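*Asks:* got a predicted structure plus its sequence, pasted below:
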Amino acid sequence: MDSRPLGLILVVLGVAAVVVGVLLWLGVLSWFGRLPGDIRIERDNVHVFFPITSMILVSIVLSLLLNLIRRLF
């Protein structure tokens with residue numbers, strides 16, 4: 001069994017994680033989690049956050065990327 005494709009996938013995922021981390025660190029993605037439809041409840045001792053719209057956006061982007069990758073390979 002050849003482990004090269006698995007290694008390539010892990011490297012690509014690692015690079016993508018680093019890029020997203022740098023974008024978050026720089027504040028480029030500061031809007032993420034504050035979209036209309038994200039529910040935030042803050043009371044005295046309770047903080048509840050439901051990122052519904054943000055997770056739908058992530059789901060759509062990942063679905064498009066994975067379909068594109070699948071068609072290319």
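*Replies:* Ah, there it is. Numbering: from 1, shown residues only.

*Asks:* tell me who's in contact with residue 32.
*Replies:* Contact analysis of residue 32 by CB atoms under 8 Å, 6 or more residues apart in numbering lists 24, 54. Placement of C-beta: from N, CA and C, glycine included.

*Asks:* isn't there a helix covering it?
*Replies:* No - Residue 32: not assigned to a helix; according to DSSP: H, G, I helix; E, B strand; the rest coil it is coil.

*Asks:* pLDDT score for it?
*Replies:* At residue 32, the pLDDT value in this model is 85.

*Asks:* for it, give me phi and psi.
*Replies:* Main-chain dihedrals, residue 32, degrees, to the nearest 10: phi -70, psi 130.

*Asks:* and the gap between it and residue 7?
*Replies:* According to CB to CB, to the nearest Å, residue 32 and residue 7 sit 30 Å apart.

*Asks:* got it, and residue 15?
*Replies:* Distance from residue 15 to residue 7, by CB to CB: 13 Å.

*Asks:* same thing with residue 68?
*Replies:* 21 Å.

*Asks:* now the helix or strand hosting residue 6: average pLDDT?
*Replies:* Using DSSP states H and E, residue 6 falls within helix 4-26. Mean per-residue pLDDT for helix 4-26: 88.

*Asks:* just the element for residue 48, please.
*Replies:* Assigned by DSSP H and E, residue 48 belongs to strand 47-50.

*Asks:* what's the average pLDDT for that strand?
*Replies:* Mean per-residue pLDDT for strand 47-50: 94.

*Asks:* for that strand, packing partners?
*Replies:* Of the remaining helices and strands, those touching strand 47-50 by 3 or more CB pairs under 8 Å, 6 or more residues apart in numbering; DSSP states H and E are strand 39-42.

*Asks:* the strand it packs on pairs with which strands, and in what direction?
*Replies:* If you go by DSSP bridges, strand 39-42 pairs up with strand 47-50 (antiparallel).

*Asks:* residues touching the partner strand, excluding its own?
*Replies:* Strand 47-50 is contacted from outside by 33, 38-42, using CB under 8 Å, 6+ apart.

*Asks:* centre-most residue in the chain?
*Replies:* residue 58 (5.3 Å; CA atoms, centre = their mean).
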